[in-house]
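Asker: whatever this is, show me its structure:
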Amino acid sequence: MGDIQGEIRLPTQELRDDIPFFTKTLKMRLDMIFPADDPAVAVFSGHGLRLRIEKGAPEPAGTLRLCMDDPDGFADGARVLTAPNGTRIEIADLHPPLVTPAPVHSFVVRRLADQAPWIVGRAGMQYRDLIPDRLGGSIIASHIRIPDGGPVPDMVHYHTVGFQLIFCYRGWVDLVYEDQGEPFRLHAGNCVIQPPQIRHRVLYASDNIEVIEVGVPAEHVTTIDHEMTLPNGPANPDRMFGGQRFVHHRAEEATWTPYRLPGFIVRDTGIAANTGDVAGVSVVRRGQGETGWATHDAGILFTFVMEGGLTLEGEGRDPCRLAPGDAFVIPPGHATRYADPTDDVELLEVALPGAFATDPV
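Answerer: Now for the predicted structure:
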């Protein structure tokens with residue numbers, strides 16, 4: 001196959017009016033114009049675009065977005081322009097700042113038995129939303145599964161996030177990360193955090209793999225990196241990405257200690273320490289003694305029931321019996337109790353920030 005050159009065609013009524021706008025204001029290059037005596041078609045290139053401005057073309061004028069490092073230094077700082085042919089020009093930041101909305105607090109209970117729909121998302125994965133209201137856009141928590149194992153049709157990519165957790169709930173998955181050495185297998189009970197903009201790729205999954213993914217904010221951009229090949233080297237495991245270190249927590253290396261609530265024990269994943277307390281991730285099991293009522297002051301406190309069950313009691317709410325696959329969010333200052341836990345109960349708790357206070361009631 002020979003060379004291929006694509007063009008976007010835009011209409012105009014008078015090409016002579018468009019030439020100075022596209023060449024001087026938008027700083028594009030005039031590549032072609034004809035006929036010479038009464039120009040009706042001109043081709044401009046620049047900013048990754050090739051535009052064919054054609055007199056009488058039937059298409060609408062459309063919108064062009066130009067994203068750049070210094071939008072204030074382009075077109076005299078204008079953010080919206082209109083070309084003589086009617087095309088709207090939007091000038092935007094190439095790397096807009098990450099904005100995390102303040103949480104809109106609510107008491108959330110999401111039960112697997114309620115049969116929330118599974119939605120097919122990126123790379124053929126099935127997603128189940130665990131926080132439907134997403135607390136005002138501040139967080140997203142997803143139960144993700146791949147029924148049929150094998151190679152995953154993924155590409156090297158990264159996320160523009162404030163925090164992102166991948167906890168392997170069932171099965172296993174092979175992953176590879178920028179500056180973290182060779183691919184490795186993430187087993188059930190283990191987890192990783194994906195620091196801001198770390199390149200990574202999902203390689204291979206077992207049958208019926210299930211993971212819990214938590215991301216802040218709820219809406220964040222995923223960017224494909226067509227240039228990087230993973231694994232890359234040499235490994236640099238202490239590298240910081242947006243102030244956070246990559247963490248691969250292994251359950252077999254964990255130490256169990258008393259939990260912040262009586263009657264339970266906890267293993268810390270080390271994520272709070274490696275994110276500068278941006279977030280903390282804990283696995284909780286039944287311990288000794290009675291459970292009790294308490295409040296917390298965390299900005300966000302999300303919990304997923306992995307095994308066993310308990311009754312979630314909250315002030316002003318009917319008790320709710322929870323089972324594996326259920327999830328809940330407790331607002332700060334709201335008194336709750338984890339009542340009647342089974343001996344095999346196991347919870348995944350994600351808190352933002354990682355350090356917060358719990359007060360008995």
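
Asker: going forward, measure contacts between C-alpha atoms and count neighbours the same way
Answerer: OK.

Asker: which helix or strand contains residue 305?
Answerer: If you go by DSSP states H and E, residue 305 is part of strand 300-307.

Asker: local confidence estimate at the closest residue in space to residue 183 that isn't next to it in sequence?
Answerer: Spatial nearest neighbour of residue 183, chain neighbours left out: residue 176 (4.3 Å); criterion: Cα to Cα, 6 or more residues apart in numbering. pLDDT for residue 176: 98.

Asker: specify the local secondary structure of residue 176.
Answerer: Assigned with DSSP: H, G, I helix; E, B strand; the rest coil, residue 176 falls in the strand class.

Asker: can I assume it is in contact with residue 230?
Answerer: Yes: using Cα atoms under 8 Å, residue 176 is in contact with residue 230, at 6.7 Å.

Asker: packing partners of the strand holding residue 305?
Answerer: Other helices and strands packing on strand 300-307, by 3 or more Cα pairs under 8 Å, 6 or more residues apart in numbering; DSSP states H and E, are strand 327-329, strand 346-352.

Asker: now the ones you listed in a markdown table, with distance to residue 314 and mean neighbour count?
Answerer: Formatted as a markdown table, the helices and strands packed on strand 300-307 follow (distance: least, Cα to Cα, whole Å; neighbours: other Cα atoms under 10 Å):
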| stretch | distance to residue 314 | mean neighbour count |
| --- | --- | --- |
| strand 327-329 | 11 | 22 |
| strand 346-352 | 17 | 21 |
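
Asker: for residue 297, find the nearest of those.
Answerer: Between residue 297 and these, the shortest separation by Cα to Cα is 9.9 Å, and it involves strand 346-352.

Asker: CA atoms only: put the closest one into CSV for me.
Answerer: This file holds the C-alpha atoms of strand 346-352, laid out as CSV (Å, rounded to 0.1, in the frame of the first residue of the first chain):
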residue,chain,number,x,y,z
GLU,A,346,-13.2,-10.4,55.2
LEU,A,347,-13.6,-6.7,54.2
LEU,A,348,-11.6,-4.5,51.8
GLU,A,349,-11.6,-0.9,53.2
VAL,A,350,-10.4,2.1,51.2
ALA,A,351,-10.1,5.5,53.0
LEU,A,352,-9.2,8.9,51.7
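
Asker: ok, that strand: who's next to it in the sheet?
Answerer: Partner strands for strand 346-352, per DSSP bridges, with pairing direction: strand 280-286 (antiparallel), strand 300-307 (antiparallel).

Asker: run through who's touching stretch 237-248.
Answerer: Under the criterion Cα atoms under 8 Å, 6 or more residues apart in numbering, residues 179-180, 190-198, 270-271, 274-276 lie in contact with stretch 237-248.

Asker: what do you get for stretch 9-29?
Answerer: 30, 39-42, 44-47, 51-62, 75, 83-87.

Asker: what packs against the least confident helix or strand in the chain by mean pLDDT?
Answerer: Ranking every helix and strand in the chain by mean pLDDT, DSSP states H and E puts strand 119-120 at the bottom, with a mean of 82. Under the contact criterion of 3+ Cα pairs under 8 Å, 6+ apart, strand 119-120 touches strand 126-129.

Asker: show the average pLDDT along the strand it packs on.
Answerer: Strand 126-129 comes out at a mean pLDDT of 92.

Asker: one more: stretch 36-53?
Answerer: 96.

Asker: what about the residue nearest to residue 183, neighbour count?
Answerer: Each residue near residue 176 was counted by other Cα atoms under 10 Å, and the total is 20.

Asker: for it, give the beta-bridge partners.
Answerer: residue 201.

Asker: what sits against it?
Answerer: 182-184, 200-203, 230-231.

Asker: mind checking which of the residues you listed are buried?
Answerer: Neighbour-count burial (16 or more other Cα atoms under 10 Å) applied to these gives 183, 200-203, 230-231.

Asker: out of these, who's nearest residue 321?
Answerer: residue 202 (34.9 Å).

Asker: does that closest one touch residue 174 like I think?
Answerer: Yes: if you go by Cα under 8 Å, residue 202 and residue 174 touch, sitting 6.3 Å apart.

Asker: quick one, phi/psi of residue 136?
Answerer: phi 70, psi 20 (degrees, to the nearest 10).

Asker: measure it to residue 128 for me?
Answerer: 18 Å (Cα to Cα, to the nearest Å).

Asker: more neighbours, the two?
Answerer: residue 128 (20 against 17).

Asker: tell me the one among the contacts of residue 176 nearest to residue 70.
Answerer: For the contacts of residue 176, the nearest to residue 70 is residue 200 (28.4 Å; Cα to Cα).

Asker: got the confidence number for the closest one?
Answerer: At residue 200, pLDDT is 98.

Asker: please name the nearest non-neighbouring residue to it.
Answerer: In this structure, residue 200 finds its nearest non-sequential neighbour in residue 177, 4.3 Å apart by Cα to Cα, 6+ apart.

Asker: so the one you found touches residue 201, yeah?
Answerer: Yes: taking contacts as Cα under 8 Å, residue 177 lies within contact range of residue 201: 6.7 Å.

Asker: hey, what's in contact with both of those two?
Answerer: Joint contacts of residue 177 and residue 201 (Cα under 8 Å, 6+ apart) are residue 230.
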